[in-house]
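1. Sequence first, predicted model second:
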Amino acid sequence: MAKNDDRLQLGKVNFLLLILAAVLLIVGYVIMSLNDITISPILLLLVYAFLIPFALLYKGKPKE
């Protein structure tokens with residue numbers, strides 16, 4: 001079978017960023033549950049719009 005190069009090749013950094021995103025999402029929803037609706041939407045927007053896509057699309061330096 002031929003190797004499929006179209007797949008996402010996630011490394012250690014990608015998984016660490018995704019774990020950070022998950023933790024920040026939990027923090028954002030906990031803050032929202034405490035009726036503080038000033039910081040939580042900003043935090044959730046940043047995580048959903050920037051951190052998760054960056055974590056999925058980031059490719060480290062090529063090994064030489």
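-> Okay, I see it.
2. Could you pick out the longest helix of the protein?
-> helix 12-33 (DSSP state H).
3. buried stuff in it?
-> Residues of helix 12-33 classed as buried: N14, L17, A21, L24, L25, G28, I31 (neighbour count, 16 or more other C-beta atoms under 10 Å). C-beta: built from backbone N, CA, C; applies to glycine.
4. Contacts for stretch 49-60 next, please.
-> L8, Q9, L10, G11, V13, N14, L17, L18, L20, A21, L24 (C-beta atoms under 8 Å, 6 or more residues apart in numbering).
5. again, only using 7 Å
-> Residues outside stretch 49-60 that contact it (C-beta atoms under 7 Å, 6 or more residues apart in numbering) are L8, G11, V13, N14, L17, L18, A21, L24.
6. The spatially closest residue to the third one that is not a sequence neighbour: how many residues sit nearby?
-> If I follow you right, that is V13. Nearest-residue entry for V13: G60, 5.9 Å, with adjacent residues in sequence omitted and distances by C-beta to C-beta, 6 or more residues apart in numbering. By the measure other C-beta atoms under 10 Å, the count of residues near G60 is 10.
7. so G60, which of the three states?
-> coil (DSSP: H, G, I helix; E, B strand; the rest coil).
8. And it, how far from N14?
-> As defined by C-beta to C-beta, to the nearest Å, G60 lies at a distance of 8 Å from N14.
9. ok, the residue nearest the centre of the chain to F15 distance?
-> The chain has I52 as the residue nearest its centroid, 2.8 Å off, counting by C-alpha atoms, centre = their mean. From I52 across to F15, the span is 12 Å (C-beta to C-beta).
10. swap in F54?
-> 13 Å.
11. Count the neighbours of the residue nearest to L18 when sequence neighbours are not counted for me.
-> What sits nearest to L18 in space, not counting adjacent residues and going by C-beta to C-beta, 6+ apart, is A55, at 4.8 Å. A55 has 20 neighbours, counted by other C-beta under 10 Å.
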